[in-house]
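Colleague: Generate coordinates for the sequence data below:
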Amino acid sequence: MTAGNSVVKITAKTALKNNWLNCIAASLILIFSCIVLFSAADYAAYISFDAIGYILLAAGVVFLIFPLFLGTVRFFWRMIFGAYDKQFILFYYFSDKEKYKRAFRLSASLSVRAACTAAVLFLPAIIIDIFSGVKIYDIMDIPIPIWTGNLYYLSAFLKTIALVVLFFVMTRYYLAPFLAVADEDMDIAEAIHMSCTVSKDTALDFIYLIFSFLGWMIISVLVFPLAFTMPYFMTSLAVHVRFAVAEYNKKIEKNSNNGIPTFSAEI
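Modeller: I've put the predicted structure just below:
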């Protein structure tokens, strides 16, 4: 167990003190970038096909938004260690070919894991959608069975379950972006492995932290409250990861005879 949510949030507010405007400005860059991408994908789907919009959205997230998000993570991670960076640091992973390749490797690795997991979890619902639709029966030239009308609710239930399970599975990797920016010499595969290792003891604390922001997340659908919610959430998450890493190091130090190295998180 790491520090409780109250301790994490108090520490986050302390780090944000006198830094609010700087953090809001940094957050707005990422927020407006996402809005532009979603708008472009929606427009592409409108003038062509839905598939084109989805492809554009997926490519934009992997190739553009994630490196920018990683730069944002780096901004907040450095801030809790006392650094006072300007907003251009958000484009850190676009400033150099090797840096961008590092961000892309992490983005691609997490995306592939999420896609493969989702494909397995949503497969039952997809099969049900196929048998509840009209196309398969048109191909076989037979009337649609009456009982297929009830499959819609079963499909919706299975999709909800799959989405919840996918969220819990992907929490294994929530530390990876922070570990990758904290130690730029760490291989991406190692950052993902370390995230899986550390999150075994901290995943529940991470989930509790997310749910403690549920109220702010609900009002953030109005977009404007995101200017406050995002800096607060990102700083709290960075503080939580710092505590999680410290707790992991303490655990390893107690078993130092095993020769397992501790993780050094510095700016």
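
Colleague: Now do the contacts for residue 241.
Modeller: With contact set as CB atoms under 8 Å, 6 or more residues apart in numbering, residue 241 has these partners: 77, 175, 178, 179. Heads up, the C-betas are built off the backbone N, CA and C, glycines and all.

Colleague: again, only this time at 10 Å
Modeller: If a contact means CB atoms under 10 Å, 6 or more residues apart in numbering, then residue 241 has 2, 8, 73, 77, 80, 174-175, 177-179, 182, 195, 198, 202, 206, 265 as its contacts.

Colleague: In the helix or strand harbouring it, which of the residues would be classed as buried?
Modeller: In the assignment (DSSP states H and E), residue 241 maps to helix 226-254. By neighbour count on 16 or more other CB atoms under 10 Å, the buried set for helix 226-254 is 226-245, 247-249, 252.

Colleague: Could you do stretch 50-66 as well?
Modeller: Of all the residues in stretch 50-66, those buried under the rule 16+ other CB under 10 Å are 53, 56, 57, 60, 61, 62, 64, 65, 66.

Colleague: Quick one: mark the members of those that sit in helices.
Modeller: The helices in this structure, assigned by DSSP state H, contain 53, 56, 57, 60, 66 from those.

Colleague: can I assume the second one is in contact with residue 36?
Modeller: Spelled out, it's residue 56. No - because the distance of 11.7 Å does not satisfy CB atoms under 10 Å, residue 56 is recorded as not touching residue 36.

Colleague: what's the distance between the spatially closest residue to residue 188 that is not a sequence neighbour and residue 208?
Modeller: The shortest distance from residue 188 to any residue that is not its chain neighbour, by CB to CB, 6 or more residues apart in numbering, is 4.5 Å, and that residue is residue 105. Between residue 105 and residue 208 the distance, using CB to CB, to the nearest Å, works out to 30 Å.
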